[in-house]
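Student: Build the 3D model from these lines:
(4 chains)
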Protein chains: 2
Amino acid sequence: MEDLCGSRVIHREKVERAGELALADHLVEEVGQIFKALGDTTRLKLLWALAEIEMCVCDLAAHLGVSESAVSHQLRLLRTLRLVRNRRQGNVLYYRLADHHVSQLMAVALEHVREPTCEGDS
Amino acid sequence: MEDLCGSRVIHREKVERAGELALADHLVEEVGQIFKALGDTTRLKLLWALAEIEMCVCDLAAHLGVSESAVSHQLRLLRTLRLVRNRRQGNVLYYRLADHHVSQLMAVALEHVREPTCEGDS
DNA sequence: TTAGAGTATGAGCATATGTTCATATTGGCG
DNA sequence: CGCCAATATGAACATATGCTCATACTCTAA
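Tutor: The predicted model follows:
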């Protein structure tokens, strides 16, 4: 065990290789923000609904049982991350998912959750 | 605009349809925990490294530049969610990703982040 | 232009979250 | 057994997060 940056290291070559493979910090940060956005049940329900139905703020608020302000705040975050987009029709803004990645992410995570708990594969 | 559960509703039929399509609460909760776990940069770096290399706690601590205790705490969370698993070899616990879903999620999110910001598709 | 519906935003507050420090546990070895 | 390395765990603290309330903005219609 050697010392690297003040930490014990058992497998120096693995640590070095991990350093080479590591994502750029800004990418880790951005990807983390995507997941963080999906990691809140309110936003997750929003996105799940928007995967099938184009909806406006007050519809979403009614669906989730939260205030329109709360929905609007969350949609802003999701817009910033390009997870949703909207179109305006008069006074009403209709939101929908921005692209297929979002539903894909939800599908994969759901698959993981529904997978049997037993182990056995690589 | 009608009133449903105390909220304004513009499109009652959409709200009702969203209610039918909604995921069971426990599923939303579990999926949310998966994304929340992926939403922290420390854990994300851990998982990214473990996607390629089987590593032990102190290697990971050295790689990330955080304490072994912090790594251990995070790995416990990831274990609970079945995102990582480990094998013991003597005193050392080697961690790796639990299944393909994890790397798949990271790949999709990374793809989304790298996608050009311009709009234009459905 | 004035009023109102629909939505957006800022501040503030209660809760959740990640790290550190101290301590406990587990397995290998003399 | 007794000791040490490797890891796990609990408590505590600083920060981040999501909601509410109040207010501002935007578009339509009279």
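
Student: Which residues are in contact with residue A:113?
Tutor: For residue A:113, the contacting residues are B:27, B:30, B:31, B:34, by CB atoms under 8 Å, 6 or more residues apart in numbering or on different chains. All C-beta spots, glycine's among them, are computed from the backbone N, C-alpha and C.

Student: ok, now residue A:40?
Tutor: Contact partners of residue A:40, counting by CB under 8 Å, 6+ apart, are A:74, B:32, B:36.

Student: out of the residues you listed, who's nearest residue A:96?
Tutor: residue A:74 (14.9 Å; CB to CB).

Student: Surely the closest one forms part of a helix?
Tutor: Yes - secondary structure assignment places residue A:74 in a helix (DSSP: H, G, I helix; E, B strand; the rest coil).

Student: Considering only the contacts of residue A:40, which also neighbour DNA strand D?
Tutor: Among these, the ones lying near DNA strand D by CB under 7 Å from any atom of the strand are residue A:74.

Student: Rebuild the contacts of residue A:40 as a markdown table, extending it with neighbour count and pLDDT.
Tutor: A markdown table is the format used below for the contacts of residue A:40 (neighbours: other CB atoms under 10 Å in any protein chain shown; pLDDT from 0 to 100):
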| residue | neighbour count | pLDDT |
| --- | --- | --- |
| A:74 | 21 | 98 |
| B:32 | 21 | 98 |
| B:36 | 19 | 98 |
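
Student: for the contacts of residue A:40, which one is nearest DNA strand D?
Tutor: residue A:74 (5.3 Å; CB to the nearest atom of the strand).

Student: my read: that closest one touches residue A:45, true?
Tutor: No - judged on CB atoms under 8 Å, residue A:74 makes no contact with residue A:45 at a distance of 9.9 Å.

Student: what is in contact with those two at once?
Tutor: Taking CB under 8 Å, 6+ apart as the contact rule, residue A:74 and residue A:45 touch no residue in common.

Student: Chain A: helices as residue ranges?
Tutor: Ranges of helices within chain A are A:12-21, A:25-38, A:41-50, A:57-64, A:68-80, A:100-114, based on DSSP state H.

Student: wait, which of those is closest to residue B:55?
Tutor: Across those (criterion: CB to CB), the nearest stretch is helix A:12-21, sitting at 5.5 Å.

Student: could you dump the closest one to PDB, C-alpha only?
Tutor: Below are the C-alpha coordinates for helix A:12-21, written out as PDB (Å, rounded to 0.1, in the frame of the first residue of the first chain):
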ATOM      1  CA  ARG A  12      -1.900   1.800  -7.800                       C
ATOM      2  CA  GLU A  13      -2.400   0.700 -11.400                       C
ATOM      3  CA  LYS A  14      -6.200   0.500 -10.900                       C
ATOM      4  CA  VAL A  15      -6.300   4.000  -9.500                       C
ATOM      5  CA  GLU A  16      -4.200   5.300 -12.300                       C
ATOM      6  CA  ARG A  17      -6.300   3.600 -14.900                       C
ATOM      7  CA  ALA A  18      -9.500   4.900 -13.300                       C
ATOM      8  CA  GLY A  19      -8.000   8.400 -13.600                       C
ATOM      9  CA  GLU A  20      -7.400   7.900 -17.300                       C
ATOM     10  CA  LEU A  21     -10.900   6.700 -17.900                       C
END
